[in-house]
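S.K.: show me the folded form of this:
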Amino acid sequence: QVQLVESGGGLVQAGGSLSVSCAASRGTFSPSVMAWFRQAPGAEREFVAALSWSGSPTYSDSVKGRFTISRDSRKNTVYLQMNSLKPEDTAVYYCASGPLLVATTPAHYQYWGQGTQVTVTS
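M.R.: Purely as a prediction, here's the structure:
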């Protein structure tokens, strides 16, 4: 059983930066896809970014150019660096792991973390 634990959320003003991390209990990066989703109150879970097993990133249009997904395989950790944050980025951010192919739908991913709150004030 893979366990994913997010950390690093918090409160930041619009225009600021924040980084969230996801530590895996054991190696999941090959050949898995690691992804970040987010969910705002009353909204569906939304794809944010994903990293293929080969290290190729995919971003949603809403965060492209502002967010960067990366990983440290030695630490079994994936990161999401968030810059130029906007109030609409406010959500609970979830880390997820799934098989082989990058997908933007939550159903593709087998393992999920508990989430970490990111709040951006205007």
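
S.K.: just checking, Gln13 touches Asp89?
M.R.: No. With contact defined as CB atoms under 8 Å, Gln13 does not reach Asp89; the gap is 11.7 Å. Where C-beta positions appear, they are placed from N, C-alpha and C, glycine not excepted.

S.K.: between the two, what contacts are shared?
M.R.: Residues touching both Gln13 and Asp89 (CB atoms under 8 Å, 6 or more residues apart in numbering) are Val120.

S.K.: who does the residue nearest in space to the middle of the chain bridge with?
M.R.: For the chain, the residue whose C-alpha lies nearest the mean C-alpha position (CA atoms, centre = their mean) is Trp36; its distance is 2.3 Å. Counting by DSSP bridges, Trp36 forms beta bridges with Ala49, Cys95.

S.K.: and the average pLDDT for stretch 47-55 is what?
M.R.: The average of the pLDDT scores along stretch 47-55 is 94.

S.K.: quick one: end-to-end distance for it.
M.R.: Stretch 47-55 has an end-to-end distance of 17 Å (criterion: CA to CA, to the nearest Å).

S.K.: buried ones in that stretch?
M.R.: Within stretch 47-55, the residues that count as buried by 16 or more other CB atoms under 10 Å are Phe47, Val48, Ala49, Ala50, Leu51, Ser52, Trp53.

S.K.: and what of stretch 17-36?
M.R.: For stretch 17-36, by 16+ other CB under 10 Å, it's 18-24, 28-29, 32-36.

S.K.: circling back to that earlier point, most widely separated two among the buried residues of stretch 47-55?
M.R.: The largest separation in the buried residues of stretch 47-55, counting by CB to CB, is between Val48 and Trp53 at 18.3 Å.

S.K.: before we move on, the earlier item: mind putting the buried residues of stretch 47-55 into TSV with distance to Gln1?
M.R.: Written out in TSV, the entries for these read as follows (distance: CB to CB, whole Å):
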residue	distance to Gln1
Phe47	24
Val48	24
Ala49	24
Ala50	21
Leu51	21
Ser52	23
Trp53	20
